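**Q** test case, fold it:
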Amino acid sequence: KYCQTRASRSLEGLSAFGSLEELILDNNLLGDGLVLPGLPRLHTLTLNKNQITDLESLLDHLAEVTPALEYLSLLGNVACPNELISLEKDEEDYRRYRCFVLHKLPNLKFLDAQKVTRQEREEALVRGSFMKVVKPKV
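**A** Coordinates of the predicted model:
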């Protein structure tokens with residue numbers, strides 16, 4: 001495992017760890033500019049409690065650089081709607097979020113510490129591309 005410090009948010013050093021399988025990057029002030037090198041064996045990635053807001057860009061990037069990813073957690077980011085953190089979010093927002101993530105990353109087995117169900121996987125195939133949560137800007 002590679003530990004990231006708050007002092008430096010550059011992840012370029014990870015390119016030396018091509019065999020990396022698990023990466024915990026919780027609480028690192030990482031934002032939408034997050035760039036990971038190709039990590040073909042990475043199966044577990046947690047990015048909890050960071051500053052990620054652009055879900056689609058992140059998922060497109062992860063699909064490209066982490067083909068073996070099976071476990072992803074984004075809890076505590078704006079990109080992950082959570083009714084416990086924001087009164088503007090509800091369970092339906094979170095369900096749409098899960099569907100959209102599974103549409104973009106169909107090989108996931110766990111998302112945010114919850115097992116991906118067969119029903120979720122089927123819904124993502126049919127409706128996932130339409131589940132992007134878009135809120136009007138004020």
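
**Q** pull out the buried positions in the helix of greatest length in the chain.
**A** In the chain, with assignment by DSSP state H, the single longest helix is helix 91-104. Neighbour-count burial for helix 91-104 flags 93-94, 96-104 (criterion: 16 or more other Cβ atoms under 10 Å). Bear in mind the C-beta positions are built from the backbone N, C-alpha and C, glycine included.

**Q** ok, now stretch 58-66?
**A** 58-59, 62, 65-66.

**Q** please save the CA atoms from that stretch in CSV.
**A** Output in CSV follows, covering the C-alpha atoms of stretch 58-66 (Å, rounded to 0.1, in the frame of the first residue of the first chain):
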residue,chain,number,x,y,z
LEU,A,58,-13.1,10.6,-12.3
LEU,A,59,-14.9,7.5,-13.5
ASP,A,60,-13.8,7.9,-17.1
HIS,A,61,-10.2,8.3,-15.8
LEU,A,62,-10.5,5.2,-13.6
ALA,A,63,-11.9,3.1,-16.4
GLU,A,64,-8.9,3.9,-18.4
VAL,A,65,-6.1,3.5,-15.8
THR,A,66,-7.5,0.8,-13.4
